[in-house]
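Engineer: predicted structure and sequence below. I'll ask about it afterward.
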Amino acid sequence: MTELRLEGVSKRYGGSGDGMETTETVGDATVALRDVDLTVRDGEFFTLVGPSGCGKTTTLRTIAGFEEPTAGRVAFDGDSMAGVPPEERDVGIVFQSYALFPHMSVAENVGYGLRFRDPPAGTTADERVADLLELVDLEGMGERSPDQLSGGQQQRVALARALAPEPDLLLLDEPMSALDAQLRESLRRQLVRIQSELEITTVYVTHDQAEALAISDRVAVMRDGRVEQVGRPQEIYREPDTRFVAEFVGDNNVFDGEIVARDGDRAQVSIDGTETTVELAGLPGADARSDGSGATAAGATDRLESGRICFCVRPGALSRTIEQNQFVVTVETAEFLGEQVRVHGRWNDVPIVLRLADVPDEGSELTVGFAPEDAHVVDLDVERA
Ligand code: ATP
């Protein structure tokens, strides 16, 4: 059992100087991580999610010991890992490409991890391999060679191999991305089952926000080498701190505007580029600042006081039957999803996404509204220092 901590971890590839520059590339150096603080709790399924290049893999490689941080530290159960090579870190790793040894049988692949480590007390290596093949639902397949397995089966062998020496920490880097959608879903369910059965501290990397929400205890959303927000899936989805998180995680409608009147947690907001004023409720106020709810809430409050506001409304909260906060959307495209239709349109310059039961005509105009309570205020997208 292990708690993992990253404290002020920065990573720069290439270049020479010592300071952490603020621009993306400085000469031939790339700043991949900037002052990352993360705590992954004992037994937790923790996911790093973010767009390509945001630093997910670098974070994982730094945890594994393939990269040394340029600044900051990585600690397992409070012990600094500085200078500890990967093979002494007790981590199991699964990569996107299965990287099985093609000339070895499935059982030999799984047993490979035990060449350098003893099997858990009370078991022989053969018993351990058999147990793991059972765990990943591949009993009886030990004698096959990897090329006789499907992609999903190969990835389960890779998982079994990573787990064989009973590592303290399991690291998974986009392990499903080479699989088709259906396989991915079934492997995902197996992975969640195995992880909770073993209660192994797990860090999972994906660029797929839906996958992150579906499988994780907690999620860290990364952007440009920084952690933008950490929280349970519901928190990340329902209470994004920033515009970036609001837009990256699930569909969302983001509005910018000016507060024209304020009364406690309610406000009248004039939406930029429109003639429309909407009413919002449940706004962060003086309370949000003093209850220790964090810098971001306070940041949002500061923004509210300055008169500018940014808020989001989920597609599901926009409805043709709500008579408050109405506006007219011009339909651009519609995607039939089975249960629902996802409609993309525009209200003046504001892109709008909403859900309908039926496919609307392209170019048609729909009047939709939202309840004041369904707006969620986020930080303005200020340039971060
Ligand atoms: P992806 O989802 O595309 O795999 P990622 O979020 O995992 O992206 P990283 O692979 O961690 O991102 O890369 C972060 C940044 O560091 C990128 O700008 C990348 O180009 C750069 N980078 C990564 N590895 C190296 C390296 N070995 N040398 C130089 N730059 C690197």
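Structural biologist: Good, I have the coordinates.

Engineer: buried residues in whichever strand or helix holds D35?
Structural biologist: Here D35 sits within strand 29-40, counting by DSSP states H and E. Under the neighbour-count criterion of 16 or more other C-beta atoms under 10 Å, strand 29-40 has A29, T30, V31, A32, L33, R34, V36, L38, V40 buried. (C-beta placed from N, C-alpha, C; glycine too.)

Engineer: chain neighbours aside, what residue packs nearest to the second one?
Structural biologist: Right, the one you point to is T30. Counting by C-beta to C-beta, 6 or more residues apart in numbering, the nearest residue to T30 once its immediate chain neighbours are dropped is Y13, at 4.7 Å.

Engineer: hmm, A32 and the one you found touching each other?
Structural biologist: Yes: taking contacts as C-beta atoms under 8 Å, Y13 lies within contact range of A32: 5.9 Å.

Engineer: do stretch 219-232 and the ligand meet?
Structural biologist: No: judged by C-beta under 6 Å from any ligand atom, stretch 219-232 makes no contact with the ligand; its nearest approach is 6.7 Å.

Engineer: show me what contacts E362?
Structural biologist: By C-beta atoms under 8 Å, 6 or more residues apart in numbering, the contact set of E362 is V331, E332, T333, A334.

Engineer: name the element it belongs to?
Structural biologist: With DSSP H and E as the test, E362 turns up in no helix or strand.

Engineer: gap between it and G345?
Structural biologist: Using C-beta to C-beta, to the nearest Å, E362 is found at 9 Å from G345.

Engineer: joint contacts of those two?
Structural biologist: V331, E332.

Engineer: show me the helices in the protein, by range?
Structural biologist: Assigned by DSSP state H, the helices in the chain fall at 56-64, 106-112, 125-135, 151-163, 181-198, 209-215, 233-238, 243-248, 286-290, 295-306.

Engineer: among the ones you listed, which comes closest to the ligand?
Structural biologist: Across those, the ligand has its closest neighbour in helix 56-64 (3.2 Å, C-beta to the nearest ligand atom).

Engineer: residues touching that closest one, excluding its own?
Structural biologist: Looking at what lies outside helix 56-64 - C-beta under 8 Å, 6+ apart - the contacts are 4, 6, 9, 11, 32-33, 36, 38, 48-50, 67-69, 74, 86, 89, 91, 93, 169, 171, 173, 203, 205-207, 222, 225.

Engineer: ditto for stretch 86-100
Structural biologist: Identification of contacts with stretch 86-100 by C-beta under 8 Å, 6+ apart yields 2, 60, 63-66, 76, 81, 109, 113, 116, 146, 151, 154-155, 157-159, 161-165, 167-175, 177-178.

Engineer: rerun at 6 Å
Structural biologist: Here stretch 86-100 makes contact (C-beta atoms under 6 Å, 6 or more residues apart in numbering) with 64-66, 109, 146, 154-155, 157-159, 162-163, 167-175, 177-178.

Engineer: before we move on, what about stretch 108-123?
Structural biologist: L100, F101, A125, R128, V129, L132, V157, A160, R161, A164, P165, E166.

Engineer: low-scoring stretches of the stretch 151-300 of the chain, by residue?
Structural biologist: Residue ranges of the stretch 151-300 of the chain with pLDDT under 70: 285-300.

Engineer: one more time with 80
Structural biologist: For the stretch 151-300 of the chain, applying pLDDT under 80 flags the ranges 178, 285-300.

Engineer: no more questions from me, cheers.
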